[in-house]
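K.L.:
Build me a model from this:
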Amino acid sequence: MTLTTLLTNIGIVSIILTLVMVFVLKNTKSPVLSLLQNFCGVLFVFSGWVKAVDPLGTAYKMKDYFGEFESLFDGTAMSFLAPLFPLMGEYVVAFSVIMIVFEIVLGLMLIMGHAPKFTSWAFLLLVLFFTVLTGFTFLTGYVPNDAHFFEFGKWAAHDENNMKVKDCGCFGDFIKLVPFTSFMKDIFLLIPAFIFLFASKKMHELFSTKIRRGIVLLSLIGITLYCFTNYVWDIPHADFRPFRKGVNVKNVMAIEQAAQAKVVITDWKMKHNETGEMITVSNADYMGKDPEKNYKKYKGVYTVTDQIRSKPELEPTKISDFLIEDKDGNDLTQDIIAHQGANLLIVNYKLKGDGVPSKRIVKDSIFTIDTVSTDPLEVTRQFDKIVEREEEYMDYVWDKDYLKKHAKLKPFTDAAKQAGLPVVMAIGGADEMMIAAFDEDTGLDLTYGMADDILLKTIVRSNPGIVLFKDGVIIEKWHIKKLPSFESVKSQYLQ
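P.N.:
Prediction:
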């Protein structure tokens, strides 16, 4: 679905609601204002819902923003703000849920016309907040990599590769909007926001105050619980991400890679070594039939700063980044997606444990070697003594609830291995030593691979999460708290 289609559908719903209010309920002071209320209300309810389906996705997006804002203010006159953002990052999931619930409830309050003055101010402030986020995202495209955001004199032509956050997450993973479109959307919403502020007394009000309050209260409770069901107790019930149920990962990866292979360099961006002047040279001019002859007029005079490439026929998704490697750097990805038959991928995007540097005494046996004869050469080895030495090692202390989850997982993976299913656990952000300690302490005895933690978070919203593949197709995914017995999985999916 495109943004145009979505807004058209929201517009139709808003018109129907307004007509009902005008001709059936006869409860409107200004049909145009009521239409704006309904349109903005329905828009907020929908945009909040597609984020409520996946609160963790919004949390990850907000953490990206917090990281960028920390860098933005660090080293400036407003550096006192920088430490706030890592602190906010610690509570980013709670922040995500609060924002989502507030957005949906505010949409309902607009539709009902509840507490018009408060609702008008709240709507304006929330739209301003979104405008700052999307505006920052878009404007960073004007900031070269060697410049700071507040160094306005160094701003150059807009380059989407310079944008710090590529997607605002306004509609979660349901619709991906380019930053410029998101920014313009929020600028447009400021118009009704200010209209509501100055015309709050003319806004329609449905039902009685008591009923409206009851709806707001029930909505707060219900939407909060709904958010929890989509990450605390289960994975999102609707999946808009690339690794959703039913996707043939092997085929999609091949198609995306083929599209990427057709991408060509169209232009070269260069910077004059003395004046700093930026120029763009076409690939035909820079390379030509005789590259050595063509680009020597630029060599030593300009430095290449960037390549401009053609747009791929198909935009790549996270499936193109799907890479899992073992400790020796061997690719396990194809073993997972090209396997004939069923196999399991256990996703662990973060091992929840802390390493404590410790020391221990180890005993080494010392042997002496004697030569018995030289022709032929014969040697003997005799025990001499035991020597004690101190060895440094990392002692890992795991989160207790986290270990309990793997105690639940172990019977499942043991039964799967016994049934002949390959089982790979992909882990993010951990080294070989930590993984070895984790395997020993959990007793899982699995094949382990390492992967990017952001990729793993995209695959399944659970840590750990379980993904069942069959011939490269994602058959099912489970939150660890909803993991059925292997016998149940076997009877339902593996017959």
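
K.L.:
Next, the buried residues of stretch 403-412.
P.N.:
Of the residues in stretch 403-412, those with enough neighbours to count as buried (16 or more other C-beta atoms under 10 Å) are 405-406, 409, 412. Backbone N, C-alpha and C define where each C-beta goes, glycine included.

K.L.:
meant to ask about stretch 245-254, not that
P.N.:
In terms of neighbour count (16+ other C-beta under 10 Å), stretch 245-254 has its buried residues at 247-250, 252-253.

K.L.:
Give me the contacts around that stretch.
P.N.:
Applying C-beta atoms under 8 Å, 6 or more residues apart in numbering, the set of residues contacting stretch 245-254 from outside is 239, 242-243, 317, 319-320, 322, 337-338, 469, 472-477.

K.L.:
after the helix or strand of the chain with the lowest mean pLDDT comes which helix or strand?
P.N.:
Counting by mean pLDDT, DSSP states H and E, the weakest-scoring helix or strand in the chain turns out to be helix 291-294, with a mean of 66. Scanning forward in sequence from helix 291-294, with DSSP states H and E defining helices and strands, the next element found is strand 302-309.

K.L.:
just how off-centre is that next one within its chain?
P.N.:
Taking the mean of its C-alpha atoms, strand 302-309 sits 29 Å from the chain's own mean (C-alpha atoms, centre = their mean, to the nearest Å).

K.L.:
which of the residues in the very next helix or strand once past it are buried?
P.N.:
On the C-terminal side of strand 302-309, the closest following helix or strand by DSSP H and E is helix 333-337. Residues 333, 335-337 are the ones in helix 333-337 that count as buried (16+ other C-beta under 10 Å).

K.L.:
Let's have these in CSV, adding distance to residue 273.
P.N.:
Below are the buried residues of helix 333-337 laid out as CSV (distance: C-beta to C-beta, whole Å):
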residue, distance to residue 273
333, 42
335, 48
336, 48
337, 47
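
K.L.:
least confident pick among those?
P.N.:
In terms of pLDDT, residue 335 ranks lowest among the buried residues of helix 333-337, with 92.

K.L.:
Save the buried residues of stretch 245-254 as JSON lines, and put in distance to residue 486, secondary structure and pLDDT too.
P.N.:
Shown next, in JSON lines, are the buried residues of stretch 245-254 (distance: C-beta to C-beta, whole Å; DSSP: H, G, I helix; E, B strand; the rest coil; pLDDT from 0 to 100):
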{"residue": "247", "distance to residue 486": "23", "secondary structure": "coil", "pLDDT": "96"}
{"residue": "248", "distance to residue 486": "24", "secondary structure": "strand", "pLDDT": "97"}
{"residue": "249", "distance to residue 486": "22", "secondary structure": "helix", "pLDDT": "96"}
{"residue": "250", "distance to residue 486": "24", "secondary structure": "helix", "pLDDT": "95"}
{"residue": "252", "distance to residue 486": "28", "secondary structure": "helix", "pLDDT": "96"}
{"residue": "253", "distance to residue 486": "28", "secondary structure": "helix", "pLDDT": "95"}
